[in-house]
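Q: quick one: sequence and predicted model below, then my questions.
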Amino acid sequence: MTLKLRDITHDFGSGPVLQKAHLTIHPGEVHALLGMNGAGKSTLMHIAAGLYSPLEGEVVIDGERVVFQNPSDAVSKGVVFLTQEVDRGLVPQLSVHENLTVSLLKKERAILFNKKLNRQRARLLLAEYGLTLNVDLPVSRLSLYEKQMLSIVRAVSNQAKFLLLDEPTAAFDHKEAERFYQVVRKLQNQGIGIVLISHKLHEVFSLAEVITVLRGGRTILQRPSGETTPEEVVEAMTGGESIIARRALPNDESKQVQFEVRELRLDAERPEIDLQIKEGEILTVFGLLGSGKTEFAEKLFGVRGSYRAIIKGEEQRIGSTSEAVRRGIAFVPEERGRHGIWKREDIRTHLALSFKGLISKSRELKYSRDLIASFTIRPNSPSHLAGKLSGGNQQKVAIAKWFAAKRELAIFDEPMKGIDVAAREAIFQMIESLADQGTSILYFTAEPDEALRISDRILILADGQIQEEFDPFDITMDELLLAADKEAKTVEHS
Amino acid sequence: MSTVKALQPVRAVNPVTGYIFRYGAILIIIAVIAFFSIVNDHFLTYNNLKDILKAISITTFLALGVTFSLVVDGFDVSVGSTTSLATIAAASALILHRQELFITILIPLLCGVLVGLFNAFLVVKIKLPDLLATLAVMYIVNGIQMTYTKGYSIYEGMPGAAGEQTGRFIPSFLFIGQGEVIGIPVAVVLMLVFVLIAYLFLEKTTLGRHMYMVGGNPEAANLFGIPVNRYRVLAYVISGLFASIGGIVLASRIGTGQVSAGAPLLMDAVASAYIGYALFGDKRPNVVGTLLGSILIGVLLNGLTMMNVPYFAQDIIKGSILVLALAFSFLRKDR
């Protein structure tokens, strides 16, 4: 059995996302799929899993063309896609054994439910993959790793032949990652074909037989992993560097330190972090998924307990988000739709959100129109609902809502996630205009092109710890990716 | 997953059906009023309209309380009991403790604030689901006012430990529920004043806006530095306050401290707030909608009584209207 994606072309109405991308998965093979943000990896996987139908090209299983109307069509052909949000396929209130056997139970159509037998069966299934889990535990109390494993075992017990895994190890610690690799090898021996999306190069090279790199929706590189090198793969991902417009060199050495933390701990086990950022400086914290990026960002905004910061030379305690805002800190969270905007409120309400006192509609409208014009938010009507904007425009609104007052520090957590190319440059410019007003910027990302585009200084974060500092004008994307990967690897093996 | 949706064709909404869905609930109110005006000559008279407004004034206070709890995405079903407690507190201050107007109003208001704080404690601190927490508080508060009065109403000249009680309902207090200013009942004036205050607070101040933001997306509100829990506490306290104002007006209206007098008002108040929530097809709790919802229920009760529909059958119609109003807004496709 082979799964073939042949010359897949697709777009969502704003330029092509995939252009004749192709991929073949053989049984018992691990096929790594790499690419930067927006390269088309997840769209390609969504097509393989029947979530979208491609505009052109075909999905072929065993030489036979298949058309998936929906994900369950794909599942019935043995193709299972496990996204990063593993919770999505599981029922949190139900126990492990019920979740594990849900489709078996559906098939059996038994009237009575034999709990004892079901437990037994679940235990056997889990043991087969070396997992010891209390099968009576509700899924809501499992760790991310356990949920991920449960989803995989369930898929396989349902006769899955091809598993598509989207950054499965992102949040694993090194022990969990080791156990995951063992399970992957076992699945290989059983003849299951696996597509592995991952940003961890060392993982890709030790697990995968074949590596495919997508860039701009095209298959750029497809080669057995033994015949290529990390350097070549990274170059294929980034495509050299000519495309990146960089931020102008900072010329002002006299700027004061505006925000500083000393001996900050993300949690009890992790080492302390020191961080200094100058007025108007854009500092990128570059870390792969699972490096503690979001925890760090949220900690600084007061989401995760209190800490002490030195803001403009004065020591301040920041114990809550409202305290953080009062001290002049702004935050643009990673999950824009859920945490950054109110889908049912209009643009004006967002932009005028930090106004105080009585609401003057005319004043707010005027203010909103100015902001909408200067950040080219489309559609440009202040009464448009935020939920109906495109991703890029939602993000512009989510950022612009902080512009009403002067901020000392603005924290961005992956602001370009799911944002089209056209809006990206506009958002970069918004961030730069904030910096020009004297706001210090902390930019958290896992994307090297973003880091090089926006930073004055780059810090590498791995395992909740700052590992190294780079000057963005002295480093290439390839070097940056390799450096972050090297740090992640040494941490995992220490 | 906005990209998934992008693949499916967007179903165009016919502008006419769009309008019907948006203003469906308002059309129902107009239709109901028109219907009663046609079948009954006495319906559209000044005295009858005054009666309707007078009848709904107390319920509206409770409904405003419920509206505030809905704004922060909570729910307060303890308002009925709080009203009962406030009624008893006012009557007790006058009859048993011979207090003047100021204390007589202050004590019930304090009771309302306390109940609100207790609700907030359960919902915000202990994190009980709002409906269950306020349901429990409803029982507790109801029990408190029953225990305090031993189940008897408080009235002028009631027997006490040392002979007859000498306290009485003073005229200035009775004026609240029974008086009229230039032909308009004071209770109605009070209701309109408080509706206006609540409206201005929620729609025209940034505090009210933040309250809506907390209800709309608490995570986003927290990540904008809005003190989410403080606003939720505030909403429950305001809810308790409105319920206790309803209790004061009620005590003044009937001139006695009747036990559990607020209980029957609860369901009408909840219904009014939810009709308001559905009213403009926005699924957004709002003060104007709540007032109109309250008026709709008042008009229905009044009109049906005039048509000699028995009291017990009126509930069927009330329920059906609520379903209809909600259905219009939940069937709306364009948002």
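A: Yep, that arrived.

Q: interface residues of the stretch 101-250 of chain B facing chain A?
A: Applying C-beta under 8 Å from any C-beta of the partner chain, we find that the stretch 101-250 of chain B lies next to chain A at B:203-206, B:209, B:212-213, B:216-217, B:219-220, B:222-227. In short, each C-beta sits where N, CA and C put it, glycine included.

Q: among those, name the ones in helices.
A: B:203-204, B:206, B:209, B:212-213, B:216, B:219-220, B:222 (DSSP state H).

Q: buried ones from these, can you make that a ChimeraX selection?
A: Buried members of those, defined by 16 or more other C-beta atoms under 10 Å in any protein chain shown, are picked up in ChimeraX with:
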select /B:206,209,212,213,216,220,222
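
Q: dump the ones in helices among the residues of the stretch 101-250 of chain B next to chain A into CSV; add pLDDT as well.
A: Listed next are those as CSV, based on pLDDT from 0 to 100:
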residue, pLDDT
B:203, 95
B:204, 96
B:206, 96
B:209, 97
B:212, 97
B:213, 97
B:216, 95
B:219, 94
B:220, 96
B:222, 96
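
Q: among the ones in helices among the residues of the stretch 101-250 of chain B next to chain A, which pair sits farthest apart?
A: B:204 and B:219 (26.0 Å; C-beta to C-beta).

Q: for residue A:155, see how far away the spatially closest residue to residue A:95 that is not a sequence neighbour is.
A: Nearest residue to residue A:95 in three dimensions, chain neighbours excluded: residue A:136, at 5.2 Å (C-beta to C-beta, 6 or more residues apart in numbering or on different chains). The gap separating residue A:136 from residue A:155 is 22 Å, by C-beta to C-beta, to the nearest Å.

Q: which of these two has more residues huddled nearby?
A: Neighbours of residue A:136 and residue A:155, each counted by other C-beta atoms under 10 Å in any protein chain shown, are more numerous for residue A:155; the result is 25 against 12.

Q: how about the more buried one, secondary structure?
A: helix (DSSP: H, G, I helix; E, B strand; the rest coil).

Q: tell me where the model's unsure across the stretch 201-350 of chain A.
A: Scanning the stretch 201-350 of chain A for pLDDT under 70 picks out the ranges A:240-246, A:249-253.

Q: what residues does it have near chain B?
A: A:301, A:303, A:320-326, A:331, A:333, A:337-345, A:349.

Q: re earlier: of the ones in helices among the residues of the stretch 101-250 of chain B next to chain A, closest to residue A:77?
A: Ranked by distance to residue A:77 (C-beta to C-beta), these are led by residue B:219 at 38.0 Å.

Q: count the residues that sit near the closest residue to the closest one other than its chain neighbours.
A: Nearest residue to residue B:219 in three dimensions, chain neighbours excluded: residue A:339, at 5.0 Å (C-beta to C-beta, 6+ apart). When neighbours are counted by other C-beta under 10 Å, residue A:339 registers 19.

Q: mind listing what residue A:339 touches?
A: By C-beta atoms under 8 Å, 6 or more residues apart in numbering or on different chains, the contact set of residue A:339 is A:333, B:217, B:219-220, B:223.

Q: and of those, the nearest to residue B:166?
A: residue B:217 (56.5 Å).

Q: correct me, but the closest one touches residue A:342?
A: Yes - counting by C-beta atoms under 8 Å, residue B:217 does reach residue A:342; the two are 5.0 Å apart.

Q: so what's in contact with those two at the same time?
A: With C-beta under 8 Å, 6+ apart as the test, residue B:217 and residue A:342 reach no residue in common.

Q: list the contacts of stretch B:27-41.
A: Contact partners of stretch B:27-41, identified using C-beta under 8 Å, 6+ apart, comprise B:20, B:43-44, B:292, B:295-296, B:299-300, B:302-303, B:306-307, B:321, B:324-325.

Q: what about 7 Å?
A: The contact list for stretch B:27-41 (C-beta atoms under 7 Å, 6 or more residues apart in numbering or on different chains) reads B:43-44, B:292, B:296, B:299-300, B:303, B:306-307, B:321, B:324-325.

Q: check stretch B:81-94 too.
A: For stretch B:81-94, contacts defined as C-beta under 7 Å, 6+ apart pick out B:62, B:99, B:103-104, B:107-108, B:111-112, B:115, B:138, B:141-142, B:144-145, B:148-149, B:154, B:167-170, B:173, B:240, B:243-244, B:246-248, B:250-251, B:256-263, B:265.

Q: now residue A:309. Nearest residue, chain neighbours left out?
A: Among residues not flanking residue A:309 along the chain, residue A:261 sits closest, at 5.1 Å (C-beta to C-beta, 6+ apart).

Q: next, the buried residues of the helix or strand hosting the one you found.
A: Assigned by DSSP states H and E, residue A:261 falls within strand A:257-264. Under the neighbour-count criterion of 16+ other C-beta under 10 Å, strand A:257-264 has A:258-261, A:264 buried.

Q: give me the three-state assignment for residue B:82.
A: Relying on three-state DSSP, one would call residue B:82 helix.

Q: give me the nearest residue to it, chain neighbours excluded.
A: Leaving aside its sequence neighbours, residue B:82 sits nearest to residue B:243 (C-beta to C-beta, 6+ apart; 3.7 Å).

Q: tell me which element the one you found is part of?
A: Per DSSP H and E: helix B:228-254 holds residue B:243.

Q: show me how far that helix is from its chain's centre.
A: 9 Å (C-alpha atoms, centre = their mean, to the nearest Å).

Q: contacts made by the helix or strand just after that helix with the rest, please.
A: Counting by DSSP H and E, the next helix or strand C-terminal to helix B:228-254 is helix B:265-279. The contact list for helix B:265-279 (C-beta under 7 Å, 6+ apart) reads B:25-26, B:58-59, B:62-63, B:66-67, B:70, B:77, B:79-80, B:83, B:283-286, B:289-290, B:292-294, B:296-297, B:318, B:322, B:325-326, B:328-329.

Q: any figure for the gap between the closest residue to chain B within the stretch 101-250 of chain A and residue B:147?
A: Nearest to chain B, among the residues of the stretch 101-250 of chain A, is residue A:166, at 13.7 Å (C-beta to the nearest C-beta). As judged by C-beta to C-beta, residue A:166 and residue B:147 stand 60 Å apart.

Q: quick one, helices of chain B?
A: Going by DSSP H, chain B shows helices at B:2-7, B:15-39, B:46-71, B:79-91, B:101-120, B:130-149, B:171-178, B:186-204, B:206-216, B:218-222, B:228-254, B:265-279, B:287-306, B:311-330.

Q: again, but for the stretch 201-350 of chain A
A: For the stretch 201-350 of chain A, the helices defined by DSSP state H, counting those that start in this stretch occupy A:201-207, A:230-238, A:293-300, A:321-326, A:347-351.

Q: and the second one, what does it pack onto?
A: With contacts taken as 3 or more C-beta pairs under 7 Å, 6 or more residues apart in numbering or on different chains; DSSP states H and E, helix A:230-238 sits against helix A:201-207, strand A:210-215, strand A:218-224, helix A:477-493.

Q: how does chain A divide into domains?
A: Chain A breaks down by automatic domain parsing into domains covering A:3-238, A:257-493.

Q: can you lay out those as TSV showing distance to residue B:162?
A: Listed next are the domains of chain A as TSV, based on distance: least, C-beta to C-beta, whole Å:
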stretch	distance to residue B:162
domain A:3-238	60
domain A:257-493	54
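
Q: in the stretch 1-150 of chain A, what residue comes closest to chain B?
A: Taking C-beta to the nearest C-beta, the stretch 1-150 of chain A has residue A:12 as its residue nearest chain B, at 5.4 Å.

Q: tell me how many other residues crowd that residue.
A: With other C-beta under 10 Å as criterion, residue A:12 counts 16.

Q: any idea how far it is from residue A:34?
A: 22 Å.

Q: next: residue B:241.
A: 60 Å.

Q: again with residue A:191
A: 24 Å.

Q: residue A:471 now?
A: 26 Å.

Q: now swap in residue A:111 and tell me
A: Using C-beta to C-beta, residue A:111 is found at 49 Å from residue A:34.

Q: likewise for residue B:36?
A: Counting by C-beta to C-beta - residue B:36 and residue A:34 are separated by 71 Å.

Q: please consider this matter closed, and thank you.
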